[in-house]
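Enquirer: Everything below, folded, please.
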Amino acid sequence: MTATLPAAGFNIGQVISRLFGVVSRNFVLLLLLALLLVGLPGAMLAYAQVSVLGDMLSAQNGGDPNAAFAAMFSPARVGLGIAGALIGVVGNAALQGAVIHASVSDLSGRRATFGECLSTGFRFFLPLFCIGLIVAICCFFGYLIFFVPGVLLGLAWCVAAPAEVVERTGIFAAFSRSADLTRNNRAAIFALIIAFFVAVFIVQMVLNAVGQIGFGFGSAAVLRSGAPDLRNFVAVQSVMGVVLQVAVSSLASAGIAAIYFELRQAKEGVGADQLAAVFD
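Expert: Here you go, the predicted structure:
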């Protein structure tokens, strides 16, 4: 019989430490998962965007507005964009499940394989997509009402995804499970989420600045320099966007898994070996 650890308080420092530990120990695994499930569809969309821009600029330079319109809505371009978007929807949900599996396994002292993570991701992509969609819709209307209800819903339901993957709660039960786990700890979780978004914002500003410096200190200079530079500028910005998306998606899912792990230990005294048993 497995012993239950005594419950302790929710520790922000422990969450951050666990997140960095998971990323450092599983960097290659998380990178490969993110590149396959998020980077690939992101690259498809970026290619479609840059390709359309190039065709439009060529058509405009030729003085033919109909050709520019046709370039924007050509079947190949539209099809590629739709395919990339659909693959991205599946990929984001699958990545969340895969990273949660990798993170919880690692935090439980068990190294997950690429195949195990990918299998978990695809097995849970539909319920995780439904959970994400419900959260997004409810939070959106909460923001419209008075902003605060949207924030409170987001905090209450923030660990619904790992609850579904680890405990197999079912889509709707995952929300009540998440609300129970996060109760009395939502202020600390809010602080962690704000810190994460601030860090992402800073990195994004740095990347944008690097891209703009490389093309003459901003898009206005690029526009004056002509179509080739504009297309290259958009291409570089798109690549940076994909890189940032890959990093943010992985870190966000691993961070949510770390929060879930800490909540289970803090509120229920669940040990690492007990959590690890769900993947055996």
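Enquirer: I194: neighbouring residues, count only.
Expert: Per other C-beta atoms under 10 Å, the neighbour tally for I194 reads 10. Every residue, glycine included, has its C-beta placed from N, CA and C.
Enquirer: Buried ones in the host helix or strand of it, by neighbour count?
Expert: Using DSSP states H and E, I194 maps to helix 186-214. By neighbour count with 16 or more other C-beta atoms under 10 Å, helix 186-214 contains the buried residues R186, A188, I189, F190, L192, I193, F196, L207, N208, G211, Q212.
Enquirer: tell me the contacts of the fourth one?
Expert: By that I understand F190. F190 makes contact with V151, L155, according to C-beta atoms under 8 Å, 6 or more residues apart in numbering.
Enquirer: ok, 6 Å please
Expert: F190 makes contact with L155 under the criterion C-beta atoms under 6 Å, 6 or more residues apart in numbering.
Enquirer: Model confidence for it, exactly?
Expert: Here the pLDDT value assigned to F190 is 95.
Enquirer: so how far is I87 from it?
Expert: Here F190 is placed at a distance of 32 Å from I87 (C-beta to C-beta, to the nearest Å).
Enquirer: after the worst-scoring helix or strand of the chain on mean pLDDT, next one along is what?
Expert: Of all helical and strand segments in the chain, the minimum by mean pLDDT, DSSP states H and E falls on helix 219-225, at a mean of 47. Toward the C-terminal end, the helix or strand that comes next after helix 219-225 (DSSP H and E) is helix 227-268.
Enquirer: Low-confidence stretches in this structure?
Expert: Scanning the chain for pLDDT under 70 picks out the ranges 1-8, 52-74, 76-78, 80-81, 84, 211-235, 271-280.
Enquirer: Where do the helices of it begin and end?
Expert: Ranges of helices in the chain, per DSSP state H, are 12-25, 27-34, 40-61, 65-72, 75-107, 114-123, 125-146, 148-156, 160-167, 171-182, 186-214, 219-225, 227-268, 272-276.
Enquirer: The first one - contacts with which helices or strands?
Expert: So the one you mean is helix 12-25. helix 75-107, helix 227-268 (3 or more C-beta pairs under 6 Å, 6 or more residues apart in numbering; DSSP states H and E).
Enquirer: Could you dump those into CSV and include distance to A48 and mean neighbour count?
Expert: Converted to CSV, the helices and strands packed on helix 12-25 look like this (distance: least, C-beta to C-beta, whole Å; neighbours: other C-beta atoms under 10 Å):
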stretch, distance to A48, mean neighbour count
helix 75-107, 4, 21
helix 227-268, 10, 20
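Enquirer: Any chance of TSV for those helices, columns distance to G42?
Expert: As requested, the helices and strands packed on helix 12-25 are arranged in TSV below (distance: least, C-beta to C-beta, whole Å):
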stretch	distance to G42
helix 75-107	7
helix 227-268	4
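Enquirer: And those helices: which comes nearest A173?
Expert: helix 227-268 (15.0 Å; C-beta to C-beta).
Enquirer: Mind giving me the packing neighbours of that closest one?
Expert: For helix 227-268, the packing partners by 3+ C-beta pairs under 6 Å, 6+ apart come out as helix 12-25, helix 27-34, helix 40-61, helix 75-107, helix 186-214, helix 219-225.
Enquirer: Export the ones you listed to a markdown table and append columns for distance to W157.
Expert: What follows is the helices and strands packed on helix 227-268, written out as a markdown table (distance: least, C-beta to C-beta, whole Å):
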| stretch | distance to W157 |
| --- | --- |
| helix 12-25 | 18 |
| helix 27-34 | 23 |
| helix 40-61 | 25 |
| helix 75-107 | 14 |
| helix 186-214 | 11 |
| helix 219-225 | 38 |
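Enquirer: and F27, what does it touch?
Expert: F27 is in contact with no residue at all, counting by C-beta under 6 Å, 6+ apart.
Enquirer: Roughly how far does it sit from R110?
Expert: Here the criterion is C-beta to C-beta. By it, F27 lies 17 Å from R110.
Enquirer: L133 too?
Expert: From L133 across to R110, the span is 31 Å (C-beta to C-beta).
Enquirer: So these two - more neighbours on which side?
Expert: Taking neighbours as other C-beta under 10 Å, L133 and R110 compare with R110 leading, 16 against 12.
Enquirer: quick one, phi/psi of that one?
Expert: With angles defined as degrees, to the nearest 10, R110 sits at phi -130, psi 130.
Enquirer: Let me see the backbone angles for R183.
Expert: The phi/psi pair for R183 (degrees, to the nearest 10) reads phi -60, psi 130.
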